[in-house]
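Enquirer: Sequence first, then the predicted structure, then my questions.
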Amino acid sequence: MGRYVARRLLQMIPVFIGATLLIFLMVNVMGDPIAGLCGERACDPATAAQLKREFGLDQPLWRQYATYMGNVFTGNFGTAFNGQPVTELMAAAFPVTVRLTIVAIAIEIVIGIALGVVTGLRRGHPVDTGVLLATLVVISVPTFVTGLLLQLLLGVSWGWIRPSVSPAAGFGELIVPGLVLASVSLAYVTRLTRTTIAENKRADYVRTAIAKGLPRRRVVTRHLLRNSLIPVVTFIGTDIGALMGGAIVTERIFNIHGVGYQLYQGILRQNTQTVVGFVTVLVLVFLFANLLVDLLYAVLDPRIRYA
Amino acid sequence: MAAALMMAGCGGGGGFGGAGVLTSSWGDPQNPLEPANTNEVQGGKVLDMVFRGLKKYDPRTGRAVNMLAERISTTDSRTFTVTVKDGWRFSNGEPVTARSFVDAWNYGASLRDNQKNAYFFGYIDGYDKAHPDSGRQRADTLSGLRVTGPRTFTVRLNQKFAGFPDTLGYAAYAPLPRAFFTDHAGWLRKPVGNGPYRIASYTKGSAMTLKKWKGYPGPDPARNEGVTLLVYTDSNTAYTDVLAGNLDLVDDVPATQLKNVRTDLDGRYINTPAGILQTLAFPYYDPKWNTAGARKVRTGLSMAIDRAQITETIFRRTRTPATDWTSPVLGTAGGFQDGLCGHACAYDPAGARRLVREGGGIPGGRLKITYNADTGSHKQWVDAVCNSINNALGDDKACVGNPVGTFADFRNQIGQHRMSGPFRAGWQMDYPLIQNFLQPLYYTDASSNDGKWSNKQFDRLVDRANAETDRAASVRLFQEAEKVVRDNMAAIPLWYQNGSAGYTARLSHVTLNPFSVPVYNEIKVG
């Protein structure tokens, strides 16, 4: 197990370097960020040159990347154009998005798996057909439609929630945005759970467990569910990263000042330091989420542990 | 930080409001909030509340009136003697003196300080030493500025510029307290000024609370208890919040909501002209566009654009078809002349076809209008303009849009002179003077002359207008210069842009100034 974890950690290094280098190149290809800094008029050449020097943009690209990565390892992510250290932006944005992601993942796990188990055990029942239809609708409607619709109905027409989230962004305010963010994944989790449960229901070990006279509750939770969860855990694990990076639409609709918002602003203003910094952290989140998934496999299925 | 926000959240109204306090939508300022470093409207909004300069532009007429200036006198339109009024203070108690201005202006001009509005000080003697175009700076201060007493200083310009005092209402000329220089980082966290509001708290990227400053000595104190600016990621969300009563004021009604805004807000919607003109500029560094024939083609293209229909259908009358190269906010006394463009700006497909043919056709065979596609829904109107041109010329391939991904890249390509055809150019005035609509854009090698247009007659007229001490005569000369722009169709004027705002029933006396910024201190709550 220890060697397995170590090997996985070593594999992360090239992925990390490759991903950050790619983002660095992509942001730089878009042109000179200083050019957009002075609004509709051109920056005067002397100030532009000095700003370039200050942000290190006058150096060759490879050196910019080397300096940047060197700084990152000491925890210095550079300065955004508005004079704020990028770490400060991160300290403000990541907790918000993490909370949003936790809400979304919790909704996925609780509602998604519960619906999946219920429908998986009762294939062909009206409940099953109804949930299947509902998930189909959720998957096919884009997030921004769901988001705007809920915002308009719950926020303006009925007045149950505030249409926008306050800067503090507490858990309570994030329930509706979390639901919107989770909606599509929720549908996938339901369908995935349903399929594996339905498959495993006919497995020998389930029949044995029933034949032993175990209570139905125990058969479902200990035997059936545990073995059916592996693909679901894989999906949810990779979804953590996807939700954090992909919250941009939801965050915009509900005015949540999280990672998506900062990335959007960074790209719009072509702020290399912000974009690369946030993506670097997101890459790390992805990698660790994947690692977590692999470790969870070992917990769920002991055979993987000994391999 | 979270605790502070929670406490702020305990107020009534929109959660951030409270008795007499209004909440307003805001965007994250692009640059650090320094007067000489703020060149976009969101940061400018704050400066407008916390600073007062020597002059202030009247929110209704746009005229520059004395604020901190007791007197600005000159005998030769080149050396100005400024007397600062007595009794003004910064909100930290420090008196505003002549030095507060001179130090601030020296800071703004110095290359070392990276101030994006440094060019505003370019008229003052010694600017070329404190801010050379290349190489190291040879002076830290402007030689043209001299403190002559606690409340008096002199400004010597490097050329005659009679309109100079009228430019001093711009935020870049605001005075700065000592704390700005002694504790710069601390000042940036919480700017201190001398305006009707003081900043109570500032959480970068999310909110700023401004409180009425009780000790404000000026004639325009706040008529509300304070303003809370909330950063919105999307103007649609801000608008939705106004509908739900969670936000009091939104100063940018999104285009998609314009259809319903009148019924939604029941008359609490403002749509007034601002000092913004949209034009199509041309690359004169490309020899194809710099010929006598091309001049006719440009006039023809201008006549091929159906401005009335585009402003009606795409902008829902939040733009007004342009008939000159300035803005209605100047007023006729200030130099706005309705219809100066004449038939060249009137839709006339037959005339357009004839002129383009006489001029030898579109240079390069096809018109490509370059714009940035990331903000401002420019795609829609560029497509509409092209459509209009194609219809007029009877050739559905005559004009196409040429989108550029980001604004930075768009500016970059303009700066590197890589335009092969017309490109989108928007001009938001710095101060309500006709000079500001002409000189920076069309004077040879001027700061925003992106197309590198150059005309000796125009330059001569502008020089004469600047030297003219009589205001009316100066405006007339600028209009003469504007006619040179027209006769050459240096840039095609498209439309004047309006400012828009919507607000809840809690507020009254909401107006927008000529810069399309709400006049916050006049708003009454409750």
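Expert: Looks like it came in fine.

Enquirer: SS state for the residue in the stretch 351-500 of chain B positioned nearest to chain A?
Expert: Nearest to chain A, among the residues of the stretch 351-500 of chain B, is B:Ala408, at 3.0 Å (CB to the nearest CB). From N, CA and C alone the C-beta is placed, and that goes for glycine too. Following DSSP: H, G, I helix; E, B strand; the rest coil, we place B:Ala408 in the helix state.

Enquirer: for it, what are its contacts?
Expert: For B:Ala408, the contacting residues are A:Met30, A:Gly31, A:Asp32, A:Pro33, A:Ala35, A:Gly36, A:Leu37, A:Arg269, A:Gln270, by CB atoms under 8 Å, 6 or more residues apart in numbering or on different chains.

Enquirer: so who does residue 59 touch?
Expert: No chain in the question, so chain A it is. Counting by CB under 8 Å, 6+ apart, A:Gln59 makes contact with A:Thr67.

Enquirer: think we crossed wires, I meant chain B
Expert: With CB under 8 Å, 6+ apart, B:Pro59 has these contacts: B:Thr511, B:Asn513, B:Pro514, B:Val519, B:Glu522.

Enquirer: still on that earlier bit, can you say which of the contacts of B:Ala408 are also within reach of chain B?
Expert: A:Met30, A:Gly31, A:Asp32, A:Pro33, A:Ala35, A:Gly36, A:Leu37, A:Arg269, A:Gln270 (CB under 8 Å from any CB of the partner chain).

Enquirer: ok, now how distant is the second one from B:Gln416?
Expert: When CB to CB, to the nearest Å is applied, the distance between A:Gly31 and B:Gln416 equals 9 Å.

Enquirer: Of the two, which one has the most company?
Expert: Taking other CB atoms under 10 Å in any protein chain shown, A:Gly31 and B:Gln416 do not tie; A:Gly31 has more neighbours (21 against 11).

Enquirer: Please render the ones next to chain B among the contacts of B:Ala408 as a markdown table that adds pLDDT to the earlier fields.
Expert: Listed next are the ones next to chain B among the contacts of B:Ala408 as a markdown table, based on pLDDT from 0 to 100:
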| residue | pLDDT |
| --- | --- |
| A:Met30 | 70 |
| A:Gly31 | 71 |
| A:Asp32 | 78 |
| A:Pro33 | 80 |
| A:Ala35 | 80 |
| A:Gly36 | 78 |
| A:Leu37 | 81 |
| A:Arg269 | 82 |
| A:Gln270 | 81 |
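
Enquirer: Tabulate the residues you listed (a markdown table), appending secondary structure.
Expert: Putting the ones next to chain B among the contacts of B:Ala408 into a markdown table (three-state DSSP) gives the following:
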| residue | secondary structure |
| --- | --- |
| A:Met30 | coil |
| A:Gly31 | coil |
| A:Asp32 | coil |
| A:Pro33 | helix |
| A:Ala35 | helix |
| A:Gly36 | helix |
| A:Leu37 | coil |
| A:Arg269 | coil |
| A:Gln270 | coil |
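
Enquirer: Pick out the most distant pair among those residues.
Expert: By the measure CB to CB, the ones next to chain B among the contacts of B:Ala408 have their two most distant members at A:Met30 and A:Leu37, which lie 13.7 Å apart.

Enquirer: And those two? Which one has more around it.
Expert: Neighbour count, other CB under 10 Å: between A:Met30 and A:Leu37, A:Leu37 has more, with 23 against 18.

Enquirer: give the contact list for the residue most central in space within chain A.
Expert: In chain A, the residue lying closest to the centroid (CA atoms, centre = their mean) is A:Leu243, at 2.4 Å. Residues in contact with A:Leu243 (CB under 8 Å, 6+ apart) are A:Leu100, A:Thr101, A:Ala104, A:Ile105, A:Leu181, A:Ala182, A:Ser185.

Enquirer: Spell out the secondary structure type for it.
Expert: Under the three-state scheme (three-state DSSP), A:Leu243 adopts helix.

Enquirer: From chain B, how far off is it?
Expert: 17 Å (CB to the nearest CB, to the nearest Å).

Enquirer: same deal with A:Trp62?
Expert: The gap separating A:Trp62 from chain B is 21 Å, by CB to the nearest CB.

Enquirer: A:Ala19 too?
Expert: In this view, A:Ala19 and chain B are 21 Å apart by CB to the nearest CB.

Enquirer: That residue - how many residues pack around it?
Expert: Residues near A:Ala19, counting by other CB under 10 Å: 17.

Enquirer: Kindly report the same for B:Ala505.
Expert: Number of residues near B:Ala505 (other CB under 10 Å) recorded here: 12.

Enquirer: How about the backbone phi and psi for the nearest residue to it once chain neighbours are set aside?
Expert: Closest residue to B:Ala505 apart from its sequence neighbours, by CB to CB, 6 or more residues apart in numbering or on different chains: B:Arg268 at 6.8 Å. Dihedral pair for B:Arg268: phi -90, psi 50, per degrees, to the nearest 10.

Enquirer: Good, we can wrap up now.
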